[in-house]
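>>> Sequence first, then the predicted structure, then my questions.
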Amino acid sequence: MRGEVALQAQAMVHALALGLAAGLVYDLFRILRVRVRLPLLGTALDLLFWLVVTVALFVYTTTAGSGEVRLYIVAA
């Protein structure tokens, strides 16, 4: 039981780190969108961001949660 709680805490910390990384990537894309004025750049960057984040979250939740959706991972 003690080891399981430690693994869950570790998974939550990793989920928080993944969320912080996604926020950082979003801010970097936002800076690029403001600096470079191209008509479809904003749309392309948004699509790329959501594609990368969706794949990263799917891979993380299936590996960390052993294929189960865990509330603490979703909340983090």
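Right, received. Where do you want to start?
>>> buried ones in the one helix or strand residue 3 maps to?
According to DSSP states H and E, residue 3 maps onto helix 2-35. Neighbour counts using 16 or more other Cβ atoms under 10 Å place 11, 12, 15, 18, 22, 25, 29, 33 of helix 2-35 among the buried residues. Just so you know, the C-beta spots here come from the backbone N, C-alpha and C atoms, and that holds for glycine as well.
>>> between these, which is nearest residue 54?
Closest approach between the buried residues of helix 2-35 and residue 54, by Cβ to Cβ: residue 22, at 10.2 Å.
>>> Is that closest one in contact with residue 53, as I believe?
Yes: counting by Cβ atoms under 8 Å, residue 53 is a contact partner of residue 22 at 5.0 Å.
>>> Could you pull out the buried residues of the helix or strand of the chain with the lowest mean pLDDT?
When each helix and strand of the chain is scored by mean pLDDT, DSSP states H and E, helix 71-75 comes last, with a mean of 76. Using 16+ other Cβ under 10 Å as the test for burial, helix 71-75 gives residue 73.
>>> which secondary structure elements does that helix contact?
Contact here means 3 or more Cβ pairs under 8 Å, 6 or more residues apart in numbering; DSSP states H and E; on that basis helix 71-75 packs against helix 2-35, helix 41-64.
>>> Dump the C-alpha coordinates for that helix into PDB.
Extracted as PDB, the C-alpha positions of helix 71-75 are listed here (Å, rounded to 0.1, in the frame of the first residue of the first chain):
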ATOM      1  CA  LEU A  71      -8.800  11.300 -11.600                       C
ATOM      2  CA  TYR A  72      -5.700  12.700 -10.000                       C
ATOM      3  CA  ILE A  73      -3.800  12.500 -13.400                       C
ATOM      4  CA  VAL A  74      -6.700  14.300 -15.100                       C
ATOM      5  CA  ALA A  75      -6.800  16.900 -12.400                       C
END
